[in-house]
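Colleague: with the input below, show me the fold.
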Amino acid sequence: SPIGQIGYLGNGIPVVSNSLDVTSTGRVSTLLWMASTQSQYFSNIDLTTGVPTSPIKLPYIPNSMVADQAGNNLYFGSYRELMIYSASTNGLSKEDTSVPGVVLAVSPDSTTAVINDQLRKVIYLYTVSSGASTSVGGIATKAVFSPDGKNVYIVGEDNSGNGTLYVHNANSGWSTY
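Modeller: Numbers count the residues shown, from 1 in each chain. This is a model prediction of the structure:
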């Protein structure tokens with residue numbers, strides 16, 4: 001608000017709310033990773049020192065970013081390719097054009113990622129080491145792995161627009177509900 005009107009009709013007054021506690025799975029880290037859907041660059045800041053690192057340029061502007069639970073890799077999605085960066089070296093470790101889309105989740109053992117190509121309406125279950133994937137048609141909005149990584153639960157819509165729960169089991173494959 002203009003300096004002469006601070007507090008006038010409620011403007012310029014701080015908003016205070018109840019505190020919010022957040023619990024996150026994965027390892028404890030002092031690093032905060034930052035990326036934007038408007039920039040090809042990402043960076044981190046060490047919360048103990050408050051010092052940010054130099055920005056790192058991605059091959060493409062990301063539409064998503066997911067860190068694995070161990071904090072070793074960052075998975076960036078784009079509609080051109082999947083980009084995987086090593087968190088320890090800040091270096092690009094893998095690019096794969098066969099699975100473009102939004103990265104939704106990474107398995108607890110960091111071997112598998114769920115990626116949804118919302119343009120082509122395909123949900124990929126991507127094996128990081130081999131680059132192989134299995135897929136099912138649909139649009140996903142959220143994905144969660146079971147603690148043992150054997151099942152993944154994905155919510156979204158099928159290609160007809162019906163609300164759908166997709167489940168992939170390591171032994172039996174895809175099921176939809």
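Colleague: which strand residues bridge the residue minimising distance to the centre of the chain?
Modeller: Note on the chain: the residue nearest the mean C-alpha position is V66, at 3.0 Å, using C-alpha atoms, centre = their mean. Beta-bridge pairing for V66 (DSSP bridges): Y75.
Colleague: contacts only, for it.
Modeller: By C-beta atoms under 8 Å, 6 or more residues apart in numbering, V66 lies in contact with 74-75, 103-106, 113. (Each C-beta comes from the backbone N, C-alpha and C, glycine too.)
Colleague: again, 6 Å this time
Modeller: 75, 103, 106 (C-beta atoms under 6 Å, 6 or more residues apart in numbering).
Colleague: just the pLDDT at it, thanks.
Modeller: With respect to pLDDT, V66 has a value of 95.
Colleague: same check on S88?
Modeller: pLDDT, S88: 84.
Colleague: quick one: the closest residue to it other than its chain neighbours and V167, what's the gap?
Modeller: Nearest in space to S88, with sequence neighbours left out and distances taken as C-beta to C-beta, 6 or more residues apart in numbering, is N72 at 6.7 Å. Distance of N72 to V167, given as C-beta to C-beta, to the nearest Å: 27 Å.
Colleague: and S98, by the same measure?
Modeller: 23 Å.
Colleague: between the two, which one's more packed in?
Modeller: V167 (15 against 12; other C-beta atoms under 10 Å).
Colleague: verify the contact between the more buried one and T176 for me.
Modeller: No. Using C-beta atoms under 6 Å as the test, V167 is too far from T176 to be in contact (7.6 Å).
Colleague: find residues that contact each of the two.
Modeller: Joint contacts of V167 and T176 (C-beta under 6 Å, 6+ apart) do not exist.
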